[in-house]
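Trainee: Below is the sequence, then the predicted model.
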Amino acid sequence: MSAKTYRTVPVRDLSSDELLELSKKQKLSLSREDMEVVQQIFREIDRDPTDVELEVIAQTWSEHCKHRIFSASISHSVNGGAPVEKKVASYPNGLKRVPVVFPKAWDFMENKKLARAGKEGAVKLVAEGLIGGKVVTRHEVRPSRRAEKIRLSLDREEGVELCANGSDVFAVVAEVTDSRGTVKRLNDEELVFSVEGPAELLTDSPDGTLTQPVKWGSAPALVRLGAKPGTVTVRASVKHPGSQKPVSGVLKFDTKAPGLNMLFTEDAVGKAKKGAAAPSSAEAPASEREKSLQTELEKVRHELNKLRNDKVSAQQSHFE
């Protein structure tokens, strides 16, 4: 169990001026009226908020989110149980449509009990927004399990083309997830990125790879497209592999020729690199086929280890 990474912020007994000063100190950008409503909420549930909760409220109530204007009711259920519905409240002389709080909604031991019984799929939190009794929005959250996969995605706006112009740079984001795709937010692995095809990583490493720490479940890498169109393959693997570690992730995408004539060619760009000694056969990078087989072997080892873990879990449940 990792050390506690949040702190409790006393707000229930603060004066109006002290609440405003707290907002400024924490850079919450909440007004005096906003902070008074926050205070009223936590007085009602008889505790003080954490710094994480205050930050979430500040983000949710920010001007661009517009979450203040939702005027309906929220239905909340745990692990498929009966839903509990609450009306979105408005406070007199304060902020309208404040967040709906369901105290003690999550039971860790119940989660653990279901998981040990082989019912991990039943463990979830579901929130639904209703207007006139009709569900208009729904959000489902599941706890993350063992880190098993690395999911890669290309971070770009819709409609933006991947042009091989030798200068465009895109971010590739790697997320460490469990078998269902839930991000492991507290994972602290280091990931090694590599690129094949007409592109390169923005890195100082001589071998062209990039090592990035995972923060809040993800790690980014910047990829610069080359001047020739083709298929680009991005890989991300844990720096220290093992049978308990997540399987490497692979992302492939195609680049297209730019619509304008380029003022340079890929060959001209490569002349500066010709002086470097060619790698020996022992140092030559693994082929696409070899890397594919390595990834498949990694998956097989991971599945074998999962079967062993399931067997041990079943034995533990038998003796409990």
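Mentor: That came through fine. Numbering: from 1, shown residues only.

Trainee: Test my guess that Pro49 contacts Thr8.
Mentor: Yes: taking contacts as Cβ atoms under 8 Å, Pro49 lies within contact range of Thr8: 7.4 Å. All C-beta spots, glycine's among them, are computed from the backbone N, C-alpha and C.

Trainee: the more surrounded of those two?
Mentor: A direct count of neighbours by other Cβ atoms under 10 Å for Pro49 and Thr8 places Pro49 higher, at 21 against 12.

Trainee: what sits against the more buried one?
Mentor: Pro49 sits next to Thr8, Val9, Val11, Val38, Phe42, Ile57 when contact means Cβ atoms under 8 Å, 6 or more residues apart in numbering.

Trainee: Next, count neighbours for the fourth one.
Mentor: One way to gauge burial is a neighbour count; for Val38, by other Cβ under 10 Å, it gives 28.

Trainee: Likewise for the second one?
Mentor: Residues near Val9, counting by other Cβ under 10 Å, number 17.

Trainee: these two touch, right, it and Leu19?
Mentor: No: at 10.8 Å, Val9 does not count as touching Leu19 under the criterion of Cβ under 8 Å.

Trainee: for the record, mean pLDDT for the helix or strand hosting Val192?
Mentor: Assigned by DSSP states H and E, Val192 belongs to strand 190-196. For strand 190-196, mean pLDDT rounds to 95.

Trainee: And what about Ala221, helix, strand or coil?
Mentor: Per DSSP: H, G, I helix; E, B strand; the rest coil, the local secondary structure of Ala221 is strand.

Trainee: go on, Arg47?
Mentor: In three-state terms, and counting by three-state DSSP, Arg47 is coil.

Trainee: residues near it, how many?
Mentor: Arg47 has 12 neighbours, counted by other Cβ under 10 Å.

Trainee: Mind pulling up the pLDDT for it?
Mentor: pLDDT, Arg47: 93.

Trainee: first to last residue in stretch 189-203, what's the distance?
Mentor: Counting by Cα to Cα, to the nearest Å, you get 19 Å between the two ends of stretch 189-203.

Trainee: now swap in stretch 234-249 and tell me
Mentor: End-to-end span of stretch 234-249 (Cα to Cα): 8 Å.

Trainee: Then stretch 207-218?
Mentor: End-to-end distance (Cα to Cα), stretch 207-218: 23 Å.

Trainee: which residues sit against that stretch?
Mentor: 173-177, 183-195, 200-203, 205, 219-221, 239.

Trainee: Quick check: buried residues in that stretch?
Mentor: Leu210, Gln212, Val214, Gly217, Ser218 (16 or more other Cβ atoms under 10 Å).

Trainee: helix, strand or coil for Met35?
Mentor: Put simply, Met35 is helix when judged by three-state DSSP.

Trainee: Burial check on it, number of neighbours?
Mentor: 24.

Trainee: which residue sits closest to it, ignoring its sequence neighbours?
Mentor: Excluding the flanking residues, the one nearest Met35 by Cβ to Cβ, 6 or more residues apart in numbering is Leu19, at 3.8 Å.

Trainee: For the one you found, identify the helix or strand it belongs to.
Mentor: Per DSSP H and E: Leu19 is located in helix 16-25.

Trainee: just Glu175 next, same as before
Mentor: strand 169-177.

Trainee: Same question for Arg151.
Mentor: Judged by DSSP H and E, Arg151 forms part of strand 149-155.

Trainee: Output the contacting helices and strands for that strand.
Mentor: Using 3 or more Cβ pairs under 8 Å, 6 or more residues apart in numbering; DSSP states H and E, the elements in contact with strand 149-155 are strand 169-177, strand 231-238, strand 249-254.

Trainee: Show me which residues of the last one are buried.
Mentor: Applying a neighbour-count criterion of 16+ other Cβ under 10 Å, one finds Gly249, Leu251, Phe253 buried in strand 249-254.

Trainee: Tell me the one among the residues you listed nearest to Val169.
Mentor: If you rank those by distance to Val169 using Cβ to Cβ, Phe253 comes first, at 14.0 Å.

Trainee: all strands of the protein, in order?
Mentor: Per DSSP state E, the chain carries strands over the ranges 73-78, 84-87, 125-131, 134-141, 149-155, 169-177, 190-196, 199-201, 210-213, 218-225, 231-238, 249-254.
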